[in-house]
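Colleague: Predicted structure and sequence below. I'll ask about it afterward.
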Amino acid sequence: MTAPKRKQARILFLGGGLLVLVFLMLYMGGFLRRDTIGPGDGAADIPAGPPPAAQVRAARETVTEYYEAVGTVRPRTETQVEAQVMGRIVEITVRAGDLVRQGQVLVVLDDREFQARLDQARQARASAEARRGQAHQAVLAARAGYAQAESAYRRVQAYLRSEAATAQDLEVAEAAFLQAQARLEQALGGEAEAQAAVAQADQRVEESRIAFDYNRILAPADGEVGQRLADPGDMALPGKPLLVIQARGRLRLEALVREGLIQRIRPAQSLAVVIDATDMRLQGAVEEIVPAADPVTRSFLVKAALPPSEGLYPGMFGRLLVPEDEEVIVTAPLAAVRRVGQLETVLVQVEDSRWERRLIKTGRALAQGRVEVLSGLKGNEILGLGGNAGAR
């Protein structure tokens, strides 16, 4: 083949390829197909079919835009149960998930050493009580001796005035009286010391009893065992958590709200809370706003109390819906929308009570069976239900 012929063949090949490419572009754009809806088409010339059995109306509604602050469900009251004395764990009567009542025995420690201390303290108190009894008897004897010496002294004084006794007799009686008085004061002092010893022994008994009672760890309040952190045989130490008790039914969502919206939240405000795992939508009451932003996330910690709900547990993921803005949207009943593949259409009443099927695009689903219409309707149109309207 000569060079001019090869050049001519190359030109014909390139021209044919270009024509095929243009044909494909026109076909894909819908220009070569009938009964298709191209991009940007509004009302579609699709036959409406039979008249609708019922009529509804599109509307323009004002809806609130929400900022979704993610957070975690946590118990409003969480108590760590710890031992107040050191001891080996003999028994733990509960497991995670068990319900407990205030005052219920949760953990039992080895109490033999504390029992011995309590017994010693009680014996020491018994000895102190015996010494107090002896001191009291000594006081009684000293009072009797004092009364007798005082009577003799007064009698000798009377005899001396009537010259029936000598001055020497008076001196002897006075000396006996003073000795009896000193013995009484000494006995009274001994009784006071014995009484103080009994009081000290009572305190030691009480201290030993309290330490002994620490070997039985009780539930501080009604609740549910959230975690069990020890087992029998472990050593319990002050400051080492053994159990975590959560207040049952008293939960809250702790969420991080960006600093630009914190002024929209106030204490006691009611905000919607969504729990994705259970498809719950609850109303939470803001009970605390931590007055300091996280310098990393630039957000504030907001705590919203949740109502008691079955199936709601600590640790679940939740979203706090904070009102951010309002906008006007077009809505229509979801039952009026017909979907065929990816196309969404509705029956719309036009002039002369005629009906046409119009292409629309829907957005988010709303409450009461309505849906947002992003394009195709302006609001206040009369839509058809029944007939072809509700077909899927």
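Modeller: Yep, that arrived. This is a predicted model, so every value here is computed, not measured.

Colleague: For the helix or strand encompassing residue 283, name the packing helices and strands.
Modeller: Secondary structure from DSSP states H and E places residue 283 in strand 280-289. If you count contacts as 3 or more C-beta pairs under 8 Å, 6 or more residues apart in numbering; DSSP states H and E, strand 280-289 packs onto strand 251-258, strand 270-275, strand 299-306. All C-beta atoms are positioned from the backbone trio N, CA, C, and that covers glycine.

Colleague: pretty sure residue 262 is touching residue 289, no?
Modeller: Yes - taking contacts as C-beta atoms under 8 Å, residue 262 lies within contact range of residue 289: 7.2 Å.

Colleague: So which residue is dead centre in the protein?
Modeller: With distances taken as C-alpha atoms, centre = their mean, the residue of the chain nearest its centroid is residue 75 (2.0 Å).

Colleague: So what touches the strand holding residue 283?
Modeller: 252-253, 262, 265-275, 300-307, 309, 311-312, 320 (C-beta atoms under 8 Å, 6 or more residues apart in numbering).

Colleague: Of the residues you listed, select the buried ones using a PyMOL command.
Modeller: Buried residues among the contacts of strand 280-289 (16 or more other C-beta atoms under 10 Å), as a PyMOL selection:
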select buried, resi 252+253+262+265+269+271+272+273+274+275+300+301+302+303+304+305+306+312+320
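
Colleague: ok, and the closest non-adjacent residue to the residue nearest to the centre of the chain?
Modeller: Using C-beta to C-beta, 6 or more residues apart in numbering and skipping the chain neighbours, the partner closest in space to residue 75 is residue 246 (3.9 Å).

Colleague: which residues sit in contact with the one you found?
Modeller: Counting by C-beta under 8 Å, 6+ apart, the residues that residue 246 touches are 75, 77, 78, 79, 223, 224, 225, 226, 314.

Colleague: I figured the last one was touching residue 250, is that so?
Modeller: No - the pair formed by residue 314 and residue 250 falls short of the contact definition of C-beta under 8 Å, at 10.3 Å.

Colleague: what is in contact with these two at once?
Modeller: Taking C-beta under 8 Å, 6+ apart as the criterion, residue 314 and residue 250 both touch residue 75.

Colleague: that older thread, closest to residue 104 out of the helices and strands packed on strand 280-289?
Modeller: Closest to residue 104 of the helices and strands packed on strand 280-289 is strand 251-258 (C-beta to C-beta; 21.8 Å).

Colleague: neighbours of residue 382, just the number please.
Modeller: Using other C-beta atoms under 10 Å, residue 382 has 15 neighbouring residues.

Colleague: what comes up buried for stretch 55-75?
Modeller: 56, 58, 59, 66, 67, 69, 71, 73, 74, 75.

Colleague: Kindly apply the preceding question to stretch 206-218 instead.
Modeller: In stretch 206-218, counting by 16+ other C-beta under 10 Å, buried: 208, 211, 212, 214, 215, 217.

Colleague: For the third one, which non-adjacent residue is closest in space?
Modeller: By that I understand residue 212. Using C-beta to C-beta, 6+ apart, the closest residue to residue 212 is residue 114 (4.3 Å).

Colleague: what's the neighbour count on that neighbour?
Modeller: 20.

Colleague: Out of the contacts of residue 246, grab the one that's most surrounded.
Modeller: Highest count within the contacts of residue 246 by other C-beta under 10 Å belongs to residue 223, 23 neighbours.

Colleague: where are the low-confidence patches of the protein?
Modeller: Across the chain, the ranges flagged by pLDDT under 70 are 1-51, 386-392.

Colleague: Please enumerate the helices of it.
Modeller: Per DSSP state H, the chain carries helices over the ranges 3-28, 112-161, 167-213.

Colleague: Now tabulate the ones you listed in JSON lines and tack on distance to residue 232.
Modeller: Below are the helices of the chain laid out as JSON lines (distance: least, C-beta to C-beta, whole Å):
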{"stretch": "helix 3-28", "distance to residue 232": "75"}
{"stretch": "helix 112-161", "distance to residue 232": "16"}
{"stretch": "helix 167-213", "distance to residue 232": "20"}
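
Colleague: Please name whichever of these is nearest to residue 349.
Modeller: Here helix 3-28 is closest among these (C-beta to C-beta), at 34.3 Å.

Colleague: which residues touch the closest residue to residue 90 other than its chain neighbours?
Modeller: Leaving out its chain neighbours, the residue that sits closest to residue 90 by C-beta to C-beta, 6+ apart is residue 108, at 4.8 Å. Counting by C-beta under 8 Å, 6+ apart, residue 108 makes contact with 89, 90, 91, 92, 93, 215, 216, 217.

Colleague: would TSV of the helices and strands packed on strand 280-289 with distance to residue 329 be doable?
Modeller: Listed next are the helices and strands packed on strand 280-289 as TSV, based on distance: least, C-beta to C-beta, whole Å:
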stretch	distance to residue 329
strand 251-258	24
strand 270-275	18
strand 299-306	27
